[in-house]
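S.K.: Just to be clear, the model below is a prediction. Sequence and coordinates:
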Amino acid sequence: MKNRLISAILLLALVAVAGCQQGAATLVPSPTPALATPSPAAAPVTEAPPSPSPPSPAATVATAPVTPKPATPKPAPVASNIQLLDSGAAVDFAKTITFKVRAQSSVNITRMTLSYNVDRITVATVINEVRVNFTPSTTAEGQWVWDQRRGGPPGGATISYQWIIDDASGGRLRTEEKSFVYQDPRFDRTAPLTVGLVSLYWYGADADYGRTLMEAAQDALKRLAQDTGAQLERAVKIYVYPSYDELRSALIFPQEWTGGVAFTEFGVIAIGVPTNRAGVEYGKRTVSHELAHLVTFQVTFNPYGINVPPWLNEGLAKYAEGETEADYRSRIEKAIRDNKLFSVRSLSSQFSADTDEALLSYAQSESFARFLVAKYGRDSMLRYLGLFKQGIPAEEGLKQVYGLDYSSFDAAWRASVGARASAVPAGAKRWPMVQNATPWLPSGSRWYQAGGMRKGLAFAA
């Protein structure tokens with residue numbers, strides 16, 4: 001009898017232990033207290049076999065909720081005690097931009113990184129980062145010199161920058177972003193004249209000089225808006241130098257004939273306009289022409305790599321100048337008589353390096369643009385330009401809007417000017433194409449200057 005009693009007590013103890021194990025396993029996953037008996041859906045799988053008999057009172061007490069242990073807290077991030085003492089950018093125009101920073105911390109500063117970008121029309125914002133070499137210290141100074149002679153933004157571009165500073169404790173300081181306009185200090189002498197989205201800067205001439213050029217710019221914008229529907233979408237800056245030599249002194253490795261450059265992506269134009277009467281008359285057309293290039297670029301910019309062909313780009317720019325110049329009319333008339341007109345397709349590539357052929361290319365391009373505007377109207381041209389933004393190539397867009405391919409467009413234009421049908425096979429070239437040619441052209445003519453950040457429209461003086 002005594003042995004049986006001892007065996008019964010041992011059995012009850014084993015059941016109680018099994019019940020305690022089951023209750024703990026059920027409650028650990030739950031963040032809140034639960035009933036002692038788990039629901040069937042949540043019942044855990046344990047290694048202990050289930051009891052064949054109902055749990056005893058002792059087992060019920062053993063399965064009471066067990067409060068889970070609190071999670072071990074993660075270490076808090078190290079609070080930065082880095083302090084910015086000074087930062088800035090010193091400009092030596094057309095030569096260098098020097099970025100400087102000075103900071104301190106309770107431990108050694110181990111890294112200084114300059115982050116900067118240049119405002120421009122592009123598919124995606126490009127952030128440049130430069131890790132600066134310096135001596136680690138609790139008070140550290142660093143600088144980076146951007147050599148503009150190796151490539152950089154044009155005068156008038158806006159540059160934004162900030163510093164990212166790290167120390168030995170793991171602390172980090174990201175300074176507030178600063179911005180400045182990279183501008184020729186000669187233009188600091190007078191305030192710009194701003195009308196709408198156009199700001200015109202000049203020096204070395206009186207107020208009438210600036211107002212006259214601004215009036216020409218506004219007339220060109222009005223002409224384009226009324227006749228083609230194309231308008232500026234963002235602000236532009238025009239920098240006017242009082243001589244060609246002063247302009248060239250502000251450019252990086254300019255050609256000796258350079259009279260101006262348009263940086264379409266940056267919304268900047270830099271030109272030389274002599275202050276005499278002839279110079280101002282030339283300047284009025286030049287401002288109008290280059291401004292039209294910025295308008296065309298802005299309304300057709302796309303991420304698909306589809307460019308406006310030269311005949312349309314230059315044609316609209318010549319159109320924006322106003323009435324066709326007598327010299328250009330004479331060149332077309334002579335080419336009609338001699339049967340030496342270029343086809344539309346041949347003017348869809350870079351213009352010839354030959355002076356006479358280049359000038360005829362500009363004359364015909366202007367005539368193409370006038371033909372489309374006069375015959376089909378403003379809305380059709382605006383729709384055509386809009387298709388470039390959608391990534392539609394030039395000839396395909398011409399078909400969609402005007403129902404013409406290059407061959408039929410060429411034939412229609414020739415008929416309108418009384419010229420014979422083209423004898424040039426589709427796609428043929430009348431001249432060998434010269435890549436990155438730099439011909440000297442008479443006053444008012446232009447060429448396309450490719451390469452690097454200086455890509456734009458340059459013209460001879």
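M.R.: Sure thing, it's come through. Here the structure is a predicted model, which means the values were calculated and not measured.
S.K.: where's the spatially most central residue of the chain, which helix or strand?
M.R.: Centroid check for the chain by C-alpha atoms, centre = their mean gives Thr122 as the closest residue, at 2.3 Å. Using DSSP states H and E, Thr122 falls within no helix or strand.
S.K.: As a check, name the ranges of all helices in the stretch 201-350 of the chain.
M.R.: In the stretch 201-350 of the chain, the helices defined using DSSP state H, counting those that start in this stretch lie at 207-228, 244-248, 277-300, 310-321, 326-338.
S.K.: picking that back up, how close does the residue nearest to the centre of the chain get to Asn307?
M.R.: 14 Å (C-beta to C-beta, to the nearest Å). For glycine as for every other residue, the C-beta is placed from the backbone atoms N, C-alpha and C.
S.K.: ranking the helices of the stretch 201-350 of the chain by mean pLDDT, which is last?
M.R.: Mean pLDDT is lowest for helix 244-248 among these, at a mean of 94.
S.K.: Report all helices and strands that that helix contacts.
M.R.: When contacts are defined as 3 or more C-beta pairs under 8 Å, 6 or more residues apart in numbering; DSSP states H and E, helix 244-248 sits against strand 258-263, strand 268-272.
S.K.: now for the last one, which elements pack on it?
M.R.: Counting contacts by 3+ C-beta pairs under 8 Å, 6+ apart, strand 268-272 is packed against strand 236-241, helix 244-248, strand 258-263, helix 277-300.
S.K.: Need these in TSV (columns: mean neighbour count and distance to Ala270).
M.R.: What follows is those, written out as TSV (neighbours: other C-beta atoms under 10 Å; distance: least, C-beta to C-beta, whole Å):
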stretch	mean neighbour count	distance to Ala270
strand 236-241	26	5
helix 244-248	17	6
strand 258-263	26	5
helix 277-300	22	9
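S.K.: Columns distance to Gly391 on top of those, output as CSV?
M.R.: Listed next are the helices and strands packed on strand 268-272 as CSV, based on distance: least, C-beta to C-beta, whole Å:
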stretch, distance to Gly391
strand 236-241, 24
helix 244-248, 36
strand 258-263, 24
helix 277-300, 10
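S.K.: looking at the ones you listed, which is closest to Asp219?
M.R.: Proximity to Asp219 (C-beta to C-beta) singles out helix 277-300 among these, at 7.0 Å.
S.K.: what's that closest one packed up against?
M.R.: Packing partners of helix 277-300 (3+ C-beta pairs under 8 Å, 6+ apart): helix 207-228, strand 236-241, strand 258-263, strand 268-272, helix 310-321, helix 378-389, strand 456-460.
S.K.: Low-confidence ranges, the stretch 301-450 of the chain, go.
M.R.: Applying pLDDT under 70 to the stretch 301-450 of the chain picks out residues 423-450.
S.K.: Show me where it has its strands.
M.R.: Secondary structure of the stretch 301-450 of the chain, counting by DSSP state E, counting those that start in this stretch: strands at 446-449.
S.K.: just to revisit the earlier point, please identify which of the helices and strands packed on helix 244-248 is closest to Leu193.
M.R.: Closest to Leu193 of the helices and strands packed on helix 244-248, according to C-beta to C-beta: strand 268-272, at 14.1 Å.
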